[in-house]
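Visitor: Sequence and computational prediction follow.
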Amino acid sequence: MSSILIIYTGGTIGMVKDEKTGALKSFDFDSLLKEIPEIKKFAHHINIESFDTPIDSSNMQPEKWLQIAQTIYNNYDQHDGFVILHGSDTMAYTASALSFMLENLSKPVILTGSQLPIGELRTDAKENLLTAIEIATTEINGTAAVPEVAIYFEYDLYRGNRATKSNAEDFEAFTSPNYPVLAQAGVSLRFNHNDIYKPNNKDLQLNQFLDRNIATIKLYPGITEQFIFSVINTPGLRAIIIETFGSGNASTEIWFINLLLEAIKKDIIILNISQCEGGTVNQGKYETSSALNSIGVVSGKDMTFEAAITKLMYLLGTGLSSEEIKQWLQKPLRGEMTLD
Ligand code: ASP
């Protein structure tokens, strides 16, 4: 009998309305389980670990990613797969972070949640949870069908570090603009085997150190010199993500390029991520990105913002030199970026 571990962190899936304020707040896992008796029908051994205090995922922190990653690491050999119940707001950040923290993963880690609490009549929680369990336990020829960190939401399975929350209203809350879905749930589960990660035979390694000395600058016409100056002079800062226009373009104004150059000279890594969800950064395609290329801004290619920031946190935590980190930033480590 296969065995899975459900890790309950919180999120709308387990929330109830506060009688006084009407706002949704997190509830304990036992109450959630009562709403879903179907779970007993699985022919799998299901174990549960819950955060002591379940959270709205807007309160997610790197320390809590470590708690989740450690729970998976400590329970790895005894389980065939893992399902993480998580709020959808920061689910793509957690999925991306876990993909970098759990190196050499060869078992499914499936995150899911819902847009409506499990106790509501029209809830999407039941289908999401039951199918996530099904996916986490599916094996093909004795090996896990999805040996990677993935997000299951509303009939689609996405690579975790390729997904982004793009809708706060629809049940279909996630998209994966630059990578195909890994599986679709219809009458049967249809896995897109060619797009699913192929594990290596190495032992699982837990990368626990994340460095959060990163800033992000979303560019807009009219951004001020004072603002960028103050960001690059943040004490302890090691990296900046600049969210650029289109295929990685930015202003060619001399003060702007000079400030970026000043940061690079201070050994601050600058990573270029596009504000567009789909497509890729292509530094040098336009004159407005040629200067970024020549001063040493690193292209984040087609990474999501969530993947970029967690990859930076992970790489900065490895102790590698800035030059080495810049090299690794441009290579896919867990399928988070498309090779040229
Ligand atoms: N605010 C909730 C959360 O992210 C939204 C959700 O669960 O979908 O925890």
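Guide: Received the coordinates, thanks.
Visitor: Can you get me a residue count around the residue of the stretch 101-250 of the chain found nearest the ligand?
Guide: Here the stretch 101-250 of the chain gets closest to the ligand at one residue, residue 113, 4.8 Å apart by CB to the nearest ligand atom. For the C-beta atoms, the positions are set from N, CA and C on the backbone; glycine is no exception. Residues lying near residue 113 (other CB atoms under 10 Å) number 27.
Visitor: Surely residue 100 is within a strand?
Guide: No: per DSSP: H, G, I helix; E, B strand; the rest coil, residue 100 lies outside any strand segment and is helix.
Visitor: how many neighbours does it have?
Guide: For residue 100, the count of nearby residues is 25 (other CB under 10 Å).
Visitor: Then residue 185?
Guide: 19.
Visitor: what's the answer for residue 73, then?
Guide: 16.
Visitor: Give me the phi and psi for it.
Guide: When read as degrees, to the nearest 10, the backbone of residue 73 gives phi -60, psi -50.
Visitor: again, but for residue 249
Guide: Torsion angles, degrees, to the nearest 10, at residue 249: phi -100, psi 150.
Visitor: which non-adjacent residue is nearest it?
Guide: Distances taken as CB to CB, 6 or more residues apart in numbering put residue 288 closest to residue 249, at 3.9 Å, once the chain neighbours are dropped.
Visitor: and that neighbour, what helix or strand is that in?
Guide: Under the criterion of DSSP states H and E, residue 288 resides in helix 287-295.
Visitor: elements contacting that helix?
Guide: Here helix 287-295 touches helix 254-265, going by 3 or more CB pairs under 8 Å, 6 or more residues apart in numbering; DSSP states H and E.
Visitor: I'd assumed residue 4 was in contact with residue 79.
Guide: Yes: the criterion here is CB atoms under 8 Å, and residue 79 meets it with residue 4 at 5.8 Å.
Visitor: Would you mind writing the CA trace of the helix holding residue 288 as PDB?
Guide: This file holds the C-alpha atoms of helix 287-295, laid out as PDB (Å, rounded to 0.1, in the frame of the first residue of the first chain):
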ATOM      1  CA  GLU A 287      19.100  49.300 -28.200                       C
ATOM      2  CA  THR A 288      17.200  49.700 -24.900                       C
ATOM      3  CA  SER A 289      18.700  46.500 -23.500                       C
ATOM      4  CA  SER A 290      22.200  46.600 -25.100                       C
ATOM      5  CA  ALA A 291      23.600  48.800 -22.300                       C
ATOM      6  CA  LEU A 292      22.300  46.300 -19.700                       C
ATOM      7  CA  ASN A 293      24.200  43.600 -21.500                       C
ATOM      8  CA  SER A 294      27.400  45.600 -21.700                       C
ATOM      9  CA  ILE A 295      27.500  46.600 -18.000                       C
END
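Visitor: hmm, the helix or strand where residue 93 lies in reach of the ligand?
Guide: Here residue 93, judged by DSSP H and E, is contained in helix 91-101. No: between helix 91-101 and the ligand, judged by CB under 6 Å from any ligand atom, nothing touches; the nearest distance is 7.1 Å.
Visitor: how about that helix: buried residues?
Guide: Residues 91, 92, 93, 94, 95, 96, 97, 98, 99, 100, 101 are the ones in helix 91-101 that count as buried (16 or more other CB atoms under 10 Å).
Visitor: All set, thanks.
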